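*Asks:* With the sequence up front, the predicted model follows.
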Amino acid sequence: MSINYLITGANRGIGLALTAEVLKNKEKVISLCRESSDSDKLVSLQNANPGLAELRKADVTVEKDLINASKNIEHLDVLVCNAGIMGARGSMTDKDNDYNGISDVLMTNVAGPFFTIRAFLNIIKRSKNPKIIIVSSQMGSQKHSGSESYFYRASKAAINNIMITFSNELRHSEIPIVSVHPGWVRTEMGGKFATLSTQESANSLYKFIQKIDMTKSGHFYNYDGNKLDF
C-alpha cells in the first residue's frame with residue numbers, strides 16, 4: 001500500500017517542496033493550505049500527478065476547518081505540521097510586537113500543530129507505520145541565543161515542549177512524533193542569504209522521515225537527522 005502523507009502550509013516554501021518530493025517518490029499526499037487563491041503551484045502539482053495529489057483548504061488556527069478537512073480520509077501514515085509564520089522580526093520595540101501580532105504567531109505556530117494533530121489523530125492511528133513531524137526551528141533552542149524575533153523563538157520553544165507532551169501521550173499507541181529544524185532555507189521567511197534551497201531541505205527531510213521510529217520519538221532533530229538540544 002502506498003504511503004499517504006498530509007502536509008500543512010503546503011502552498012509555498014518548504015511545504016511545497018516537500019509535497020513535490022513526496023510526489024517524486026510516487027507516494028500520495030494531501031496538501032493543506034489556508035487560501036485556495038494562493039495555491040497555483042499546488043494545483044499544477046495535482047494536475048501533473050493525478051490520483052496521487054489532493055488539495056484541501058484549512059486554516060490551522062481554526063479547529064473546525066481541520067475537522068472538516070479530515071472528513072472522508074480513510075488512510076494516513078505521515079502527518080507533517082509545517083504551517084508557520086515569523087511575525088515581528090525585531091527587538092522589543094518592534095511595532096508589530098502588539099496583541100494581534102503576538103496572538104497570530106502563537107496561534108499559528110503553537111495551537112496550529114496541536115489542533116492539526118488532534119483533528120487527524122484517529123485517522124493516523126489506523127496506520128501500520130504512523131509518524132508525526134512538527135517543523136520547528138533551532139531558533140526555539142535555549143542554546144540559540146538572540147535579541148530579536150521574540151515570539152517566533154518562544155513559539156518554537158513552546159511547540160517543542162508540546163511535542164514532548166504528545167510523545168508521552170502517544171507512546172502507548174506507538175505513534176512516534178518528533179520536531180525537526182529544516183535548516184536555514186531560502187524562503188520568504190528565511191531570506192535570500194540562507195544556505196539551503198527548499199529542494200535541498202525537503203530532500204533531506206524526506207529521507208529523515210523514512211528513518212523515524214519509536215526510538216526517535218520525543219526528540220528534536222536537524223534536517224540531516226542529527227539530534228539537537230531543546
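*Replies:* Received the coordinates, thanks.
*Asks:* Report the contact partners of residue 187.
*Replies:* 12, 13, 14, 194, 198 (Cβ atoms under 8 Å, 6 or more residues apart in numbering). C-beta: built from backbone N, CA, C; applies to glycine.
*Asks:* Which of those residues are buried, as a ChimeraX select command?
*Replies:* Here is the ChimeraX command that selects the buried residues among the contacts of residue 187 (16 or more other Cβ atoms under 10 Å):
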select :12,13,14,198
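*Asks:* Take the contacts of residue 187 and lay them out in CSV including pLDDT and distance to residue 3.
*Replies:* Formatted as CSV, the contacts of residue 187 follow (pLDDT from 0 to 100; distance: Cβ to Cβ, whole Å):
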residue, pLDDT, distance to residue 3
12, 93, 23
13, 94, 22
14, 96, 19
194, 86, 29
198, 95, 21
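*Asks:* Now for the contacts of residue 187: which two are most distant?
*Replies:* 12 and 194 (14.6 Å; Cβ to Cβ).
*Asks:* What residue in this structure is the furthest from its centre?
*Replies:* residue 93 (29.3 Å; Cα atoms, centre = their mean).
*Asks:* ok, now which ones touch it?
*Replies:* Contacts of residue 93 (Cβ under 8 Å, 6+ apart): none.
*Asks:* For it, identify the helix or strand it belongs to.
*Replies:* Taking DSSP states H and E as the definition, one finds residue 93 inside no helix or strand.
*Asks:* What average pLDDT does stretch 142-151 get?
*Replies:* Across stretch 142-151, pLDDT averages out at 85.
*Asks:* Next, the buried residues of it.
*Replies:* Buried, per 16+ other Cβ under 10 Å, within stretch 142-151: 149, 150, 151.
*Asks:* Could you do stretch 60-74 as well?
*Replies:* For stretch 60-74, by 16+ other Cβ under 10 Å, it's 60, 61, 63, 65, 66, 69, 70.
*Asks:* just those now: which is nearest residue 223?
*Replies:* Of the buried residues of stretch 60-74, the one sitting nearest to residue 223 (Cβ to Cβ) turns out to be residue 60, at 21.4 Å.
*Asks:* quick one: the closest one and residue 184, what's the gap?
*Replies:* 23 Å (Cβ to Cβ, to the nearest Å).
*Asks:* mind listing what the residue sitting nearest the centre point of the chain touches?
*Replies:* Centroid-nearest residue in the chain: residue 82, 1.8 Å away (criterion: Cα atoms, centre = their mean). If you count contacts by Cβ under 8 Å, 6+ apart, residue 82 has them with 7, 8, 9, 10, 14, 15, 18, 135.
*Asks:* tally of neighbours for the residue lying closest to residue 193 once chain neighbours are set aside?
*Replies:* Nearest residue to residue 193, sequence neighbours excluded (Cβ to Cβ, 6 or more residues apart in numbering): residue 186, at 8.0 Å. Residue 186: 19 surrounding residues under other Cβ atoms under 10 Å.
*Asks:* If I look at residue 186, what pLDDT would I see?
*Replies:* Confidence score, pLDDT, at residue 186: 90.
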